[in-house]
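Student: sequence first, predicted model second:
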Amino acid sequence: MAVTKAASLADDLVQRFEEQIETGEMPVGSRFPTEKDITETFGVSRTVVREAYSRLAARGLLVSRRGSGAYVPDGAQYRAFQVTAEEVGEIDDVLKLLEMRMGFEAEMADLAARRRTDADLAALRHALDAMEESSDVDASVAADAAFHAAIASATGNSYFLRFTQFLGVRLVPSRRLYLQGDDPVQHQRYAHTINRDHEAIVVAIEAGDPVAARRAARRHIEKSILRYRTLKESR
């Protein structure tokens, strides 16, 4: 479905207010501008403003008080945190995200090795097979996301899974930075390289060895960082 102009304008307003809340420019208790003020300032319709405010409310960033207006609620500055696809569209941003993931992925693999079930191991093996068989960007992205989600699920901690799913879609642009074009051979070669790292993690988890699982997960991210640094230097 095509994005309408109104939807795009609402997105712009949402992003503007999210940034102001996250940076503290609009602290807790701040009153949002009225619909009339926004329509006059930004030249948008009241429909656009209402759509933007509806999205902000759904994200817990806006609360309406009857007869008083809309305000920034307690804790909104923490809920405002986002990592958008646009923010990881450049190699430097991808590297920063990978650095952040390193400790997270290592701890997740450690816990998975301690707590995994037979169903978890089956899901990990299924994701490995899907990655090996992938021949395009979309298929490899889906398989990679499924693999990390399976590790997260194996921790038995739902917050790991939720955060992994949040990061998963943000990693799609980084994959597209690395895999340009539609060459099936290139995609398969890349998938095989990634799967060697994944295999090492799975073997450690299957063995119930948290130390080896942590080491393999950390090494996987380190090698990803090296690949993107090399790509950056080659451009």
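Tutor: Received it, and whenever you're ready, just let me know what you need. Residues are numbered from 1 along each chain as shown.
Student: relative to residue 102, how far out is the residue nearest the centre of the chain?
Tutor: With distances taken as C-alpha atoms, centre = their mean, the residue of the chain nearest its centroid is residue 167 (2.0 Å). Residue 167 is 12 Å from residue 102, where distance means C-beta to C-beta, to the nearest Å. For the C-beta atoms, the positions are set from N, CA and C on the backbone; glycine is no exception.
Student: and the strands in the chain?
Tutor: Using DSSP state E, the strands of the chain run over 63-65, 69-71.
Student: against which helices or strands is the first one packed?
Tutor: Looking back up the chat, that one is strand 63-65. strand 69-71 (3 or more C-beta pairs under 8 Å, 6 or more residues apart in numbering; DSSP states H and E).
Student: list the buried residues of the strand it packs on.
Tutor: By neighbour count with 16 or more other C-beta atoms under 10 Å, strand 69-71 contains the buried residues 70-71.
Student: could you do stretch 203-222 as well?
Tutor: For stretch 203-222, a neighbour-count test (16+ other C-beta under 10 Å) marks 204-205, 209-210, 212-218, 220-221 as buried.
Student: state the pair within those that is farthest apart.
Tutor: Using C-beta to C-beta, the buried residues of stretch 203-222 span at most 18.5 Å, a distance reached by 209 and 221.
Student: point out where the chain drops to low pLDDT.
Tutor: For the chain, the stretches with pLDDT under 70 are 1-7, 78-89, 168-183.
Student: please parse it into its domains.
Tutor: What automatic domain parsing lists as the domains of the chain is 5-79, 85-234.
Student: most packed of those domains?
Tutor: Among those, ranked by average contacts under mean count of other C-beta atoms under 10 Å, first place goes to domain 85-234 (a mean of 17).
Student: what's the most far-flung residue of the chain relative to its centre sitting at in phi/psi?
Tutor: Computed with C-alpha atoms, centre = their mean, the residue of the chain farthest from its C-alpha average is residue 67, at 37.9 Å. Per-residue torsions, residue 67: phi 80, psi 0 (degrees, to the nearest 10).
Student: check contacts around the closest residue to residue 91 other than its chain neighbours.
Tutor: Nearest residue to residue 91, sequence neighbours excluded (C-beta to C-beta, 6 or more residues apart in numbering): residue 232, at 4.5 Å. Residues counted as contacts of residue 232 (C-beta atoms under 8 Å, 6 or more residues apart in numbering) are 91-92, 95.
Student: re the thing from before, can you put the buried residues of stretch 203-222 in JSON lines and add distance to residue 50?
Tutor: Converted to JSON lines, the buried residues of stretch 203-222 look like this (distance: C-beta to C-beta, whole Å):
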{"residue": "204", "distance to residue 50": "52"}
{"residue": "205", "distance to residue 50": "48"}
{"residue": "209", "distance to residue 50": "55"}
{"residue": "210", "distance to residue 50": "51"}
{"residue": "212", "distance to residue 50": "54"}
{"residue": "213", "distance to residue 50": "49"}
{"residue": "214", "distance to residue 50": "48"}
{"residue": "215", "distance to residue 50": "52"}
{"residue": "216", "distance to residue 50": "50"}
{"residue": "217", "distance to residue 50": "45"}
{"residue": "218", "distance to residue 50": "47"}
{"residue": "220", "distance to residue 50": "45"}
{"residue": "221", "distance to residue 50": "43"}
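Student: many thanks, have a good one.
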